[in-house]
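> please find the sequence and the predicted model below.
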Protein chains: 2
Amino acid sequence: MPSSPSAGVTLADVAAAAGVSTATVSRVLSGNYPVAVRTRARVTAAVDELGYVMNANARALARSRASTIGIVVEDVVEPFFGYIARGVERRAAELGLACLIMASRGSKERELELVDLLRAHRAGGVILVGGSADDRGYRTKMAQRARALADEGGHLVLCGRPPLSDGVPTRSVSYDNEGGAFAITSHLLAHGHRRIAYVGGPDRLSTHTFRLAGHRRALEQHGVVWDDDLVHVGQFGAEFGHATLTALLREGLDATAVFAANDAVAVGVYEAAEEAGISIPGDLSVVGYDDVPVATQLRPRLSTVSVPLEELGRRAAELCVAEPGTLDTDATVGTHLVLRDSVAAPRTTGPLRA
Amino acid sequence: MPSSPSAGVTLADVAAAAGVSTATVSRVLSGNYPVAVRTRARVTAAVDELGYVMNANARALARSRASTIGIVVEDVVEPFFGYIARGVERRAAELGLACLIMASRGSKERELELVDLLRAHRAGGVILVGGSADDRGYRTKMAQRARALADEGGHLVLCGRPPLSDGVPTRSVSYDNEGGAFAITSHLLAHGHRRIAYVGGPDRLSTHTFRLAGHRRALEQHGVVWDDDLVHVGQFGAEFGHATLTALLREGLDATAVFAANDAVAVGVYEAAEEAGISIPGDLSVVGYDDVPVATQLRPRLSTVSVPLEELGRRAAELCVAEPGTLDTDATVGTHLVLRDSVAAPRTTGPLRA
DNA sequence: GATCAGATAGTAACCGCTTGCTATGGTCGA
DNA sequence: TCGACCATAGCAAGCGGTTACTATCTGATC
């Protein structure tokens, strides 16, 4: 194997150039030990004369902790994850941390693998974003990862998902899925809607189950009888929203409003309505969840639940490196309704069809 | 099953548990040296009994190259970057690489810093995404980084931006900004448009200048006289599109079509048109560039230039680790027109106003 | 003038893994 | 039976920093 002709500049090179020991150079670079002004000057001069950049791996090895945090999302392009990732990345940058990003594509097995991969990189914290599976084996395995991570000096940070079992060393920052769903459903109810179709994400995904729970609670509180047939569980995406509403419309939709469990689903619902010649909100009211940009791009603009996604990400990043006792390790940020133009009084005619 | 000793489990622990030397464990884990089947079995057993995960930093240090690549984008949530990032992340995952992501927020200074940060992490490759500044000092400094990176055994990969000067060791994968702009402008011309407003990104940003160049070439080829007043240079975002068209409409827009230099700008243009009560494409035709999802969410659907963003990202990831001679180190992927509903024949009345 | 504390700088032992080189045991052909 | 060869496994020297501990040089104190 041919070895690289000129390797990078090392601490030793800098030390030699500055006429000091590597310890001294290390110290001026870390800035955590007194170094005489003149010595420091010589060192910094040498550093940028040689264009030296510290080897982060060597430092991580010596300090036995990397200046890196990891974030696991389902999909990088989905705005829900994108905004959280942006918050994480920005706060991480402010804190001098690099940010490893990985996508699970919704696979829980892969998520577990990715956590291990991040552990391998000795990330100071691993952020798991979005709903989690409500699955026994999964929870056990993740709890085990959380413990291992803690043993290694890191933290498992749950972002927008409920904690694991008690006693499992995790930190978390989330928002109120149940409450937001309760509020937006109440909004629909206040407009007079009584039959509301719910179109939402994967079964057993916490985000979905909590939103559905809030929805249900609002209904019950208003004395509306629960109807299982109005609940459509599938995926958190435009595809599913489109397919579901299309199918519903084909067989006659006995509802006056749709609660799309997130804005992406609402996009699909809008498309299906458009194709079927159904007007929103005239014939059908629609609400979403998350308040990502598409909500304002849709026509009519979508009424939805605003979640401070970027803020969520920033908090998560902080939790990755916070000293114990410094921060609230299980925070919740608020959500609020954003009322736009997609809700009106229910129509009074019979079932809606394409 | 995996019991966790309180520090991290190390190679030595595994070696002890399996009754072999660390060298042997390292070898079975790397799989690049013959190890007897039974020994291998003992080792793998020990590995997962202890829940061992390799310390990636130590490995990177010993191998003097990390299994990590870096990607620098302007903004994580912008779909243009998001799709490229997705391609990078996915291909990286397939190649067993972790992916460090950082956002420059459009600052060239910050971009340079981030490259150094990524160098520090000994990333095998550093991917720079999106248009680059046409600035002498910047180019020089970046060229210097490229050389340093090459010396350290890595690669600077330019994704969607032109190469630096000759002789600078970079790899690149891009698409045809000029050609796509030429094509979409020709499309407008074919519909009879002669006065087309261009609304585009930051001055001196390569993406913008090439798109404008293609636009201009199409105009010239059709014998349309060039009018500087139709060119509006600012930012690549909805804000700018909105502000620009609003201003234009206020003073009377003497054009029948708008070439939004990317889809985000088109979003702003649509909004401004809507607010002004101007119909697209009846009163004004609009085209975009990139073909991100919003193009199909807009009404009317936006005609635009499709860029294989995810593919671009995948190629970039490959270039980060490709052995010399293996791959074309300066590839170009094709673009194509996606014609939808935002273009019609020009209106024949005078200037358009709010 | 000797002593001592404070400020700096140097020494060297790691951090956990890789890998060139060496050692060992068994198999074979002569 | 002996040396040549294989196939395996171990040894130990790094990789490039960090940092506990030690050494040196000052000026201040008595």
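Yep, it's here.
> every contact and neighbour count from this point should use C-alpha atoms.
Noted.
> leaving out sequence neighbours, find the closest residue to the residue nearest the centre of chain A.
Nearest to the mean C-alpha position of chain A, counting by Cα atoms, centre = their mean, stands residue A:129 at 3.7 Å. Excluding the flanking residues, the one nearest residue A:129 by Cα to Cα, 6 or more residues apart in numbering or on different chains is residue A:159, at 4.8 Å.
> list the contacts for the residue nearest to the centre of chain A?
A:71, A:72, A:73, A:74, A:81, A:84, A:158, A:159, A:160, A:161 (Cα atoms under 8 Å, 6 or more residues apart in numbering or on different chains).
> how close does it get to chain B?
As defined by Cα to the nearest Cα, to the nearest Å, residue A:129 lies at a distance of 15 Å from chain B.
> next, that residue: phi, psi?
Backbone torsions for residue A:129, taken as degrees, to the nearest 10, come to phi -100, psi 140.
> show me the helices in the stretch 201-350 of chain A, by range?
A:206-221, A:238-251, A:263-275, A:294-297, A:309-321 (DSSP state H, counting those that start in this stretch).
> what's the shortest one packed up against?
Using 3 or more Cα pairs under 8 Å, 6 or more residues apart in numbering or on different chains; DSSP states H and E, the elements in contact with helix A:294-297 are helix A:263-275.
> what's in contact with the helix it packs on?
A:199-200, A:236-246, A:260, A:279-280, A:286-292, A:294-295, A:298, A:304, B:297.
> kindly report the same for stretch A:132-151.
A:108, A:112, A:115-116, A:119, A:155-156, A:161-162, A:164-165, A:168-170, A:204-207, B:4-8.
> mind checking which of the residues you listed land in strands?
Per DSSP state E, strands hold the following members of the contacts of stretch A:132-151: A:155, A:156, A:170.
> just the buried subset of these, please.
With neighbours counted using 16 or more other Cα atoms under 10 Å in any protein chain shown, the ones in strands among the contacts of stretch A:132-151 contain these buried positions: A:155, A:156, A:170.
> what about residue A:325, neighbour count?
7 (other Cα atoms under 10 Å in any protein chain shown).
> how about residue A:33?
Neighbourhood size, residue A:33 [other Cα under 10 Å]: 11.
> so it sits in a helix?
No. Counting by DSSP: H, G, I helix; E, B strand; the rest coil, residue A:33 is not part of a helix but coil.
> excluding its backbone neighbours, what's nearest it?
Closest residue in space to residue A:33, ignoring its immediate chain neighbours: residue A:27 at 5.8 Å, by Cα to Cα, 6+ apart.
> right, and the one you found touches residue A:36 too?
No. The pair residue A:27 / residue A:36 is not scored as a contact, 10.9 Å apart, by Cα atoms under 8 Å.
> what about the two, which has more around it?
Taking other Cα under 10 Å, residue A:27 and residue A:36 do not tie; residue A:27 has more neighbours (14 against 10).
> picking up where we left off before, show the buried residues in the contacts of helix A:263-275.
Buried members of these, counted by 16+ other Cα under 10 Å: A:199-200, A:236-246, A:260, A:280, A:286-292, A:294-295, A:298, A:304, B:297.
> let me know the pLDDT of the residue nearest to the centre of chain A.
We have a pLDDT of 95 for residue A:129.
> now do it against residue A:107, distance only.
13 Å (Cα to Cα, to the nearest Å).
> same question for residue A:130.
12 Å.
> neighbour count: the two, which is higher?
residue A:130 (22 against 12).
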